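Asker: structure, please.
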Amino acid sequence: MRLLFYTLIYLKPIQIYYRVYYFFKKNIFAQSVKKKLCKNRCEIKWKSSLGYKNCYDHLTKSFTFLNITHTFTHKIDWNINRYGKLWVYNLNYFDYLVQNDLTKEEGLELIKDFIDNDAFIKDGKEPYPTSLRGINWVKFLSKHQINNNDINSSLYQQYYFLFKNLEYHLLGNHLLENAFSLLFGAYFFQDEELYVKAKNTLLDELNEQVLEDGAHFELSPMYHQIILTRLLDCINLIKLNTWKNDDFILFIINKAELMVSWLDKITYKNGHIPMVNDATFGIAPSTKKLIAYAKHLGIINKNIKLSDSGYRKINHSNYEMFIDVGNIKAPYQPGHTHSDIFNFELVKNNIPIFVDTGISTYEKNLKRQRERSTSSHNTVVIGNNDQTEVWGGFRVARRAEIIHLIEKTNFIEASHNGYQKMGYNHTRSFEFEQDSIILLDKIDKTTRNNAKAFFHLHSSVGKPIVDGSFIKLSANDISIKFENASNIDIEEYDLSAGFNKSNLAYKIIVKFNQVLKTKISI
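Answerer: Presented below is the predicted three-dimensional model:
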């Protein structure tokens, strides 16, 4: 009950209102959706080289999502639930319509199968999958110049269901996806009502959700890539089609330029993004592809300094270090937030050394709880407590906040109050030299040797060699020296390599009382 209370107090009134409204609408009044007369649509243009990874094999009727492949031996079960809700969501997104090897006939067969089973489909009719499916249908139908009355009618009904069921109870990236999709629907049907709703929602939400330094406010680099993809698609849509002639495109171009700058700033030279806050491999288009797409559309990189996102990136000739010294920026939608203040990643000569453990599941289970917890990040745990109370798969109660921040050349220091409920404040400083990094952790009073610093190594690093207070990573020519450590343990852990996929790796756990000095020699 306490966790729920501290979760609810951060919600916006509109979220509470719509949670109640949609509950009664669905469960009490059970309103049926009135069919809306479908407009005669005009042909629109769509062309993009971004594409999508192959996840559907027409010959075997096999779908691969989240690193799980399923073959439908007879007909497609659009409600299949054996792999969790996110898998069935992916099935209903229809991303495979834009994979490069799918033919017009194969795509039409899938769309018609969905329409034929419309009365039986459950999760796929929720607003989020409806939003992504709408965009993919519009892209496919426009690319192949298909004008089919049954498909048009189905898509139009889906768009007006979405129009009446926007995810105001969730907000965040969900509402953005709803609005992006409405814009595609507006252009496809040249529908003024859909356009006004899409434009006004995007004006409001992008102003709030894109921070001053260009980060998406949920602070997941993976979701940032996904949202930037959608933003670039909207710019592409408007540029290819002349239905509207207003200044809205200038607004979304400005937001795209901010987002391109941030993504470029936090991406490593090897092309990978930091795996923080519900980021994982194999989901979003790469930074390289997105920057190329942006350049094709005439989007410039504004090269804005990292600031209010709370993320920092240190670049030296032989290493890169990513650091989190920020607060939760989406207080009413922290579903992708982890308990990870002062977390860091280190890449040496394009090879990952210290890493975030990433995520491998969205199921509400012990694994997801562990992957969001403080002990799964490169920071300090006191007792067995999380800095920020993550729970319930996608919920957050009491949150750690930065209470002190100093930034100088080659030096960052910050404090957070996440352990104040236990009577502690934690301060960590980072000092950067060309061939070394010094971390200094300070707890403001004794913990009776109940503080532990975690250092998660990439699976390619191998098992560390421990010699007293020294640790050697021989294959990478890196040594680590600890001062004031009371105990050092090496343990195995599962490093996420994508959804439902992991590799064995090692973590260093250093126990200390109040002060721990860590020198990483590179």
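
Asker: any idea of the pLDDT on Gly500?
Answerer: Wrong residue type there; residue 500 is Asn, not Gly. Per-residue confidence at Asn500 stands at 97 (pLDDT).

Asker: hmm, I was thinking of Ser32
Answerer: Confidence at Ser32, expressed as pLDDT, is 56.

Asker: can you check Leu203 too?
Answerer: 98.

Asker: element containing it, please.
Answerer: In this structure, Leu203 is located in helix 192-209 according to DSSP states H and E.

Asker: elements contacting the very next helix or strand once past that helix?
Answerer: Tracing the chain past helix 192-209, the next element assigned as helix or strand by DSSP H and E is helix 221-240. Using 3 or more CB pairs under 8 Å, 6 or more residues apart in numbering; DSSP states H and E as the contact criterion, the elements in contact with helix 221-240 are helix 172-189, helix 192-209, helix 248-266, helix 287-296. Glycine gets a C-beta too; all of them are placed from N, C-alpha and C.

Asker: go with 6 Å
Answerer: With contacts defined as 3 or more CB pairs under 6 Å, 6 or more residues apart in numbering; DSSP states H and E, the packing partners of helix 221-240 are helix 172-189, helix 248-266, helix 287-296.

Asker: that helix: which residues count as buried?
Answerer: Within helix 221-240, the residues that qualify as buried are 221-238, counting by 16 or more other CB atoms under 10 Å.

Asker: ok, stretch 300-310 next?
Answerer: Neighbour counts over stretch 300-310 (16+ other CB under 10 Å) mark Asn301, Ile304, Leu306, Ser307, Ser309, Gly310 as buried.

Asker: now do the strands in the stretch 401-522 of the chain.
Answerer: 402-408, 411-416, 426-432, 436-443, 451-456, 465-467, 470-473, 478-498, 501-521 (DSSP state E, counting those that start in this stretch).

Asker: helices along the stretch 51-200 of the chain, start to end?
Answerer: Assigned by DSSP state H, counting those that start in this stretch, the helices in the stretch 51-200 of the chain fall at 85-93, 104-116, 127-143, 149-164, 172-189, 192-209.

Asker: what about the residue lying closest to Asn92 once chain neighbours are set aside, neighbour count?
Answerer: With CB to CB, 6 or more residues apart in numbering as the criterion, Asn92 has its nearest non-adjacent residue at 3.1 Å, and that residue is Gly124. The local packing count at Gly124 equals 21, with neighbours defined by other CB atoms under 10 Å.

Asker: ok, now how distant is Gly124 from Leu203?
Answerer: For Gly124, the distance to Leu203 under the criterion CB to CB, to the nearest Å works out to 29 Å.

Asker: go on, Pro127?
Answerer: Summarising the geometry, the distance separating Pro127 from Leu203, computed by CB to CB, is 20 Å.

Asker: check what pLDDT the most centrally placed residue in the chain gets.
Answerer: Residue closest to the mean C-alpha point of the chain, counted by CA atoms, centre = their mean, is Tyr223 at 3.0 Å. The predicted structure scores Tyr223 at 98 on the pLDDT scale.

Asker: got the contact list for it?
Answerer: Contacts here follow CB atoms under 6 Å, 6 or more residues apart in numbering; on that basis Tyr223 touches Asn173.

Asker: hang on, the earlier thing: got the helices and strands packed on helix 221-240 as a markdown table, with distance to Glu491, mean pLDDT and mean neighbour count columns?
Answerer: Supplementary listing: the helices and strands packed on helix 221-240 in a markdown table, determined by distance: least, CB to CB, whole Å; pLDDT from 0 to 100; neighbours: other CB atoms under 10 Å:
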| stretch | distance to Glu491 | mean pLDDT | mean neighbour count |
| --- | --- | --- | --- |
| helix 172-189 | 34 | 98 | 25 |
| helix 248-266 | 29 | 98 | 20 |
| helix 287-296 | 32 | 97 | 17 |
